[in-house]
Every structure is written in C-alpha cells, then in structure tokens.
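sharing a model prediction with you, sequence too.
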Amino acid sequence: MSQLSPLEAQLVKRRTFAIISHPDAGKTTLTEKLLLFGGAIQMAGTVKGRKAARHATSDWMELEKQRGISVTSSVMQFPYGEAIVNLLDTPGHEDFSEDTYRTLTAVDAALMVIDVAKGVEERTIKLMDVCRLRNTPILTFVNKLDREGRDAIEILDEIESVLKIQCAPVTWPIGMGKRFKGVYDLRHDRTHLFSATHGGRIQEGEVIDGLDNPRLDEIVGDQAQELRDELELVQGASHDFDHADYLAGIQTPVFFGSAINNFGVKELLDAFVDYAPAPLSRQTRSRLVEPQESAFSGFVFKIQANMDPAHRDRVAFLRVCSGSYKKGMKMRHVRIGKAVQVANAITFQADERRHVEEAWPGDIIGLHNHGTIQIGDTFTEGEDLKYEGIPYFAPELFRRVVLKDPLKMKALQKGVLQLCEEGATQVFRPRKNNDLILGAVGILQFDVAAYRLRDEYGVEAVVEPVSVALARWVRCEDPKMLARFEEKAYENLAVDGDDQLVYLAPTRVNLQLTQERWPEIDFLATREL
Ligand code: G4P
C-alpha cells in the first residue's frame with residue numbers, strides 16, 4: 001500500500017457535519033452525548049448553558065449572552081477513535097437564522113434527529129430542502145424511545161413520504177416507553193439492552209449476540225418474538241442499507257434510541273464515522289477543487305458579529321476545502337484581490353477558543369474580521385477561485401424599518417446595507433415607495449438589527465409588521481416578457497441589497513396565482529451570493 005501524504009492522512013480522518021432537527025427533538029442533548037463519547041466532557045456543560053439561555057427576549061443582555069454562548073459552541077471539534085469530527089452547530093430556537101441554512105452548505109454530512117412522538121416536523125422539512133441543494137448524505141436518529149411515541153414503521157413511512165428519502169433501518173427498537181427494552185443492531189446482529197442512565201457517564205448495557213439467542217427471550221420475554229416478527233415485516237417493506245445511495249443523498253440509514261439516556265448514541269456515532277464521507281471536492285466557478293490539492297483554499301459561510309462585546313470583534317467562519325492552513329501563512333482574499341497574513345485564526349476545540357497552528361480540509365477556522373470579509377468570500381494561496389453554492393435564502397419573515405428621526409435616513413440606509421452584507425438579514429426596497437423592508441428567516445434577527453443600528457450607527461429605528469409573506473427572486477430569459485411582468489406586477493416588486501429584482505408576495509396564495517399566471521417567469525427561493 002502506498003504511504004499517505006500528511007495531508008491525505010488528515011483528510012481521511014475528517015468528518016464534518018451538522019445536526020438538523022425541529023426545536024425540542026433533542027439536538028442539544030444529542031450534541032452533549034456525542035461530545036461525551038468524544039471525550040470533550042466539559043463542553044457538554046457549555047451546550048447545556050446555551051440551552052438554558054435559549055428563551056430569548058428582546059432584552060439586549062439576553063441577546064448578547066445568547067450569542068456569546070452560541071459562538072463558543074458554534075463549531076466543536078472532537079476526536080473519536082481514529083476520526084476527527086467537526087460538528088457545526090445549527091442555531092435552532094429563536095436564534096434560527098440564515099446562518100442555520102448556510103452552515104449546511106459547509107458540511108459534508110448531516111444527522112437528522114426526529115422525535116418519535118412527533119415525527120417529521122416543519123423545521124426539519126426546511127432544513128432537508130437545504131441539504132438537498134447539495135445532496136448531502138443524511139443519517140437519521142429517531143429519539144425519545146423511552147417515551148410513548150408513534151409506531152416505528154409509521155415513522156419510517158412518514159420520513160419516506162414527506163422527506164422523499166428512502167429509509168434503511170440500521171437499528172430497530174424493542175418496544176417503546178415503559179416497554180422499551182433496547183435496540184437490535186441489524187448491522188452486527190446483536191441486541192443492546194436498555195438501562196436508563198440520565199447522568200453524564202457512559203454505561204454499557206448487556207449485549208446479546210444473535211437474534212435467535214434464547215437469552216433474548218429470557219430477558220425481554222414475549223417482546224423477543226414481537227421483535228423477530230417486526231423485523232421480518234420491516235425487512236420486507238424497507239430498503240437494505242446501500243452506502244452509495246446514502247452518499248448520493250437518496251437513502252438515509254435510520255437509528256433508534258434515547259439521547260438523554262445515552263442510548264443508541266454510540267451505535268450512531270460508530271456508524272457515522274464509518275459511513276459519512278471524508279471532506280469532498282467542491283465546485284468553484286472555474287473548476288472542481290479536490291481536498292487533497294496542496295494549495296490552501298476555503299470559503300466563508302458565516303460571520304458572527306460582536307463575539308466579544310468589549311471589542312466589537314467579528315469573526316468570519318471559513319471552511320477549509322483544500323490544502324492546509326498554517327499559522328502565519330499568507331492568503332489571498334480573492335474578492336478584494338489582496339494578500340492577507342493570518343497569524344491568529346481561531347478554532348473551537350472542546351470548550352475553549354484556541355489559536356490553531358494548522359487546519360485541514362473539513363476543518364473550520366475563525367478569521368478576525370474588521371468589516372472586509374463577506375459571506376461567500378473565497379481565500380486561496382494565490383489562485384483566483386470563487387466557491388459556489390453559498391446562496392441567499394428567501395426570508396420567511398418581514399418587517400418595515402421605521403426611523404424615529406427622519407433626518408437619519410442616510411445613516412439608516414448605510415447601516416442596513418452593511419448589516420445585510422453580513423448576511424443575517426436582507427433588505428428589500430419596494431419600487432412603489434421608499435420603505436426599507438428587512439427580511440430574515442429567524443425572528444431574533446430583527447431585534448439584533450434594531451439594536452445594532454442604534455449601537456453602531458446611532459440610528460433609532462423600530463421594526464413593525466408589513467404585509468409581505470414571501471419573497472422570490474425573479475428571473476426570465478425573455479426581456480420582453482420580463483418587461484411586461486415588471487409593469488403588471490409593479491406593486492409587488494422590489495430590489496434587494498444587490499439591486500436584484502424580487503417579488504414580494506402578501507400571501508402564499510398570491511404567489512401561487514402569480515406563478516400560474518406567469519409560467520415563463522422563474523420565482524426563485526434561493527440566489528447565489
Ligand atoms: P433541541 O436542542 O432539539 O431543542 O432539544 P433538547 O436537546 O433541548 O431537548 C428537548 C427536550 O427533550 C428536553 O427536555 C430534553 O431533556 C428532552 N429529551 C432529549 N432527549 C430525550 C430522550 O431521549 N428522552 C426523553 N424523554 N426526553 C428527551 P426539557 O424538559 O425541555 O428540558 P430539561 O428540563 O429536560 O433540560
């Protein structure tokens with residue numbers, strides 16, 4: 001066997017992923033347990049802390065606290081066996097924002113958590129749509145089996161029909177709620193018996209080899225035969241695991257367990273490390289970049305403002321795509337055509353921010369940013385590359401910004417445009433009036449925007465409801481058709497921060513009707529940066 005280069009050796013170990021779920025399905029709990037298995041135990045406390053602060057209010061102290069904490073846990077790197085795992089946090093409660101979506105463009109795999117009682121929920125559907133933009137491979141964890149929930153087969157059916165992805169069960173639950181006895185691991189033909197362990201320790205329950213082992217009947221009684229019958233049924237009705245289909249995003253391997261009890265989590269993590277892809281090649285405008293190329297390159301997928309309130313510091317999160325980052329190296333900031341020396345990038349290992357000496361493809365580094373870096377920016381060792389696939393997502397919430405002091409209009413416009421460059425909110429200027437309409441995918445973004453306008457730009461403004469429900473970017477090949485549309489739809493047209501044409505629909509029905517009336521016009525829910 002040929003020797004791996006240092007870069008290749010790092011590459012094969014890396015697994016970079018995010019968790020997608022609806023709030024309360026158990027993402028935070030599962031994250032803690034994953035970190036526990038990865039040996040980063042203190043981190044677990046921090047994640048919990050973030051959760052404690054999740055009940056957002058408009059109170060700025062709360063906002064600050066919440067953001068401060070969520071930053072330290074926004075990227076978590078931990079070793080697991082031979083692997084180095086990068087878990088990118090996807091803000092999910094009131095801190096849900098476009099960052100959540102964009103983070104999914106920076107991972108190579110995702111883990112979907114489903115609450116066994118609730119099944120597929122709305123937020124999960126949206127996040128799945130984003131994963132589908134890049135056919136991201138997805139592992140599924142059905143959580144809270146220690147509680148009464150829905151039938152496992154029914155959950156699989158729902159995932160298949162609602163999320164349009166094939167399910168391949170890898171573990172199967174024995175009972176549920178009070179009758180929950182454990183999971184049978186189809187991969188290794190063995191049963192893991194359940195014992196409730198709410199604490200932070202890793203406990204191994206009894207493992208019984210073989211489905212026909214009499215010990216199984218001895219311990220779980222009639223449920224052993226129920227399990228065998230169910231498995232027969234399931235194996236007839238569902239799909240066998242196929243690694244290629246998983247990697248193509250066509251099939252999701254499914255695991256059952258209880259995150260809070262550390263149960264089923266190890267099987268999940270083991271399979272994740274086995275199945276999930278190492279850092280993948282990525283498309284730029286000019287060519288495909290392979291991770292094992294020796295020249296460094298990467299792109300910025302998120303900018304976190306005010307990490308340290310005392311310093312008004314902003315950090316740009318960059319995903320390394322090829323080559324390696326070495327402390328002190330020179331990088332080319334492609335959009336502005338300048339070389340920058342990066343001596344103090346940060347990484348987010350365990351529970352502390354540390355300065356990294358080096359980073360490899362799949363890793364995330366934080367670059368200090370004084371306003372020059374934008375989301376979507378590419379950094380290289382010299383080549384003029386531009387990474388693709390970091391889109392703007394159509395916002396789902398809209399507010400009109402109203403100035404308290406009308407003389408501050410200039411300052412407001414400047415502030416709003418700059419905040420929008422950071423990518424947390426988007427701005428729309430209707431053709432029919434001088435309104436400034438903010439759009440976001442998370443409600444907290446409006447409070448953050450109002451606060452920062454006051455704090456950083458000296459503009460007193462409030463946000464108020466506006467009758468816009470959806471926004472779609474308008475595209476049309478035929479200039480004549482487009483002109484006709486622009487005339488007819490004048491009332492609903494606006495431009496975004498980059499002067500791109502946008503249709504603002506007051507209702508979903510309005511959008512539907514407009515789409516039916518104008519079949520030649522494309523109404524896009526995402527736009528490339
Ligand atoms: P999230 O990050 O996806 O929003 O979910 P989180 O982990 O915060 O979990 C939401 C709630 O579900 C929490 O309860 C958590 O304890 C509970 N939970 C997570 N995993 C399991 C599980 O396997 N079984 C059961 N029965 N519950 C689970 P909470 O009451 O909101 O918070 P707490 O008071 O328990 O901390």
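Perfect, I can see it now. Numbering: from 1, shown residues only.

give me the helices and strands touching the strand or helix carrying L11, please.
L11 belongs to helix 6-13 when assigned by DSSP states H and E. Applying 3 or more C-beta pairs under 8 Å, 6 or more residues apart in numbering; DSSP states H and E, one finds that helix 6-13 contacts strand 83-88. Placement of C-beta: from N, CA and C, glycine included.

quick one: low-confidence ranges for the stretch 1-150 of the chain?
Applying pLDDT under 70 to the stretch 1-150 of the chain flags residues 1-2, 40-73, 94-95.

domain map for the chain?
Domain segmentation of the chain under the TED database yields 16-70+92-275, 282-380, 394-528.

longest helix of the protein, counting residues only.
Longest among the helix segments of the chain by residue count, using DSSP state H, is helix 222-237.

any chance you could list what contacts it?
The contact list for helix 222-237 (C-beta atoms under 8 Å, 6 or more residues apart in numbering) reads 152-153, 156, 169, 172, 174-175, 179, 181, 184, 186, 191, 211-212, 216-217, 220.

buried ones among those?
A152, I153, L156, P169, W172, I174, K181, Y184, L186, T191, L216, V220 (16 or more other C-beta atoms under 10 Å).

can you name the two of the residues you listed that are farthest apart?
Pairwise distances across these (C-beta to C-beta) peak at 22.8 Å, for the pair L156 and L216.

got the angle for the helix holding L11 vs strand 83-88?
If you take axes from the mean of the first three to the mean of the last three C-alpha atoms, to 10 degrees, helix 6-13 sits at 70 degrees to strand 83-88.

show the model's pLDDT score for the closest residue to F263 other than its chain neighbours.
Sequence neighbours aside, G257 is the residue nearest to F263 in space, at 4.8 Å (criterion: C-beta to C-beta, 6 or more residues apart in numbering). With respect to pLDDT, G257 scores 96.

how many neighbouring residues does G257 have?
Under the neighbour criterion other C-beta atoms under 10 Å, G257 is assigned a count of 30.

in the stretch 301-450 of the chain, which residue sits closest to the ligand?
Relative to the ligand, the nearest point of the stretch 301-450 of the chain is G442 (14.2 Å; C-beta to the nearest ligand atom).

verify the stated contact: that residue with Y101.
No: applying C-beta atoms under 8 Å, one finds G442 not in contact with Y101, separated by 10.0 Å.

stretch 255-262 and the ligand in contact?
Yes: counting by C-beta under 6 Å from any ligand atom, the ligand has neighbours in stretch 255-262: S258, A259, I260, N261.

contacting residues around the third one?
The contact partners of I260, taken as C-beta under 8 Å, 6+ apart, are G26, T29, K144, D146, H198.

point out where this structure drops to low pLDDT.
For the chain, the stretches with pLDDT under 70 are 1-2, 40-73, 94-95, 196-204, 305-313, 348-356, 529.

tell me which parts of it are close to the ligand?
21, 23-29, 51, 92, 143-144, 146-147, 258-261.

let's see which of those end up in strands.
Of the residues of the chain next to the ligand, the ones assigned to strands by DSSP state E are S21, N143.

of the residues of the chain next to the ligand, select the buried ones using a PyMOL command.
Those of the residues of the chain next to the ligand that count as buried under 16+ other C-beta under 10 Å are selected in PyMOL with:
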select buried, resi 21+25+26+27+28+29+51+92+143+144+146+258+259+260+261
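
what about the closest residue to L504 other than its chain neighbours, neighbour count?
Excluding the flanking residues, the one nearest L504 by C-beta to C-beta, 6+ apart is V468, at 4.6 Å. By other C-beta under 10 Å, 22 other residues sit near V468.

can you classify V468 by secondary structure?
The local conformation at V468, judged by DSSP: H, G, I helix; E, B strand; the rest coil, is coil.

how far away is it from Y387?
Between V468 and Y387 the computed distance is 31 Å (C-beta to C-beta, to the nearest Å).

do D89 as well
Per C-beta to C-beta, D89 is found 21 Å from Y387.

now do L227
47 Å.

out of the two, which sits in the more crowded spot?
A count of neighbours by other C-beta under 10 Å puts Y387 above the other of L227 and Y387, at 25 against 22.

what's that one in contact with, if anything?
Taking C-beta under 8 Å, 6+ apart, one finds R282, Q283, T284, V289, S297, G298, F299, C321, G376, T378 in contact with Y387.

okay if I get the buried ones among the contacts of helix 222-237 as JSON lines plus secondary structure and distance to P506?
JSON lines is the format used below for these (DSSP: H, G, I helix; E, B strand; the rest coil; distance: C-beta to C-beta, whole Å):
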{"residue": "A152", "secondary structure": "helix", "distance to P506": "42"}
{"residue": "I153", "secondary structure": "helix", "distance to P506": "42"}
{"residue": "L156", "secondary structure": "helix", "distance to P506": "39"}
{"residue": "P169", "secondary structure": "strand", "distance to P506": "44"}
{"residue": "W172", "secondary structure": "strand", "distance to P506": "48"}
{"residue": "I174", "secondary structure": "strand", "distance to P506": "51"}
{"residue": "K181", "secondary structure": "coil", "distance to P506": "53"}
{"residue": "Y184", "secondary structure": "strand", "distance to P506": "52"}
{"residue": "L186", "secondary structure": "coil", "distance to P506": "50"}
{"residue": "T191", "secondary structure": "strand", "distance to P506": "56"}
{"residue": "L216", "secondary structure": "helix", "distance to P506": "60"}
{"residue": "V220", "secondary structure": "helix", "distance to P506": "57"}
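
will you turn these into JSON lines that also has distance to F317?
Shown next, in JSON lines, are the buried ones among the contacts of helix 222-237 (distance: C-beta to C-beta, whole Å):
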{"residue": "A152", "distance to F317": "37"}
{"residue": "I153", "distance to F317": "40"}
{"residue": "L156", "distance to F317": "35"}
{"residue": "P169", "distance to F317": "35"}
{"residue": "W172", "distance to F317": "38"}
{"residue": "I174", "distance to F317": "42"}
{"residue": "K181", "distance to F317": "43"}
{"residue": "Y184", "distance to F317": "40"}
{"residue": "L186", "distance to F317": "37"}
{"residue": "T191", "distance to F317": "42"}
{"residue": "L216", "distance to F317": "47"}
{"residue": "V220", "distance to F317": "47"}
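
for the residues you listed, which one is nearest Q426?
Nearest to Q426 among those: L156, at 37.2 Å, using C-beta to C-beta.

that closest one contacts C167, correct?
Yes: counting by C-beta under 8 Å, L156 touches C167, with 4.4 Å between them.

what's the overlap in contacts for those two?
Joint contacts of L156 and C167 (C-beta under 8 Å, 6+ apart) are S238, V254.

show me where the stretch 301-450 of the chain has helices.
Taking DSSP state H, counting those that start in this stretch as the test, the helices found in the stretch 301-450 of the chain are 409-422, 444-457.

just so I know, which of the ones you listed lies nearest E267?
Once these are compared by C-beta to C-beta, helix 444-457 is nearest, at 35.3 Å.

G371: which of the helices of the stretch 301-450 of the chain is closest?
Counting by C-beta to C-beta, and looking across all of the helices of the stretch 301-450 of the chain, nearest comes helix 409-422 at 7.8 Å.
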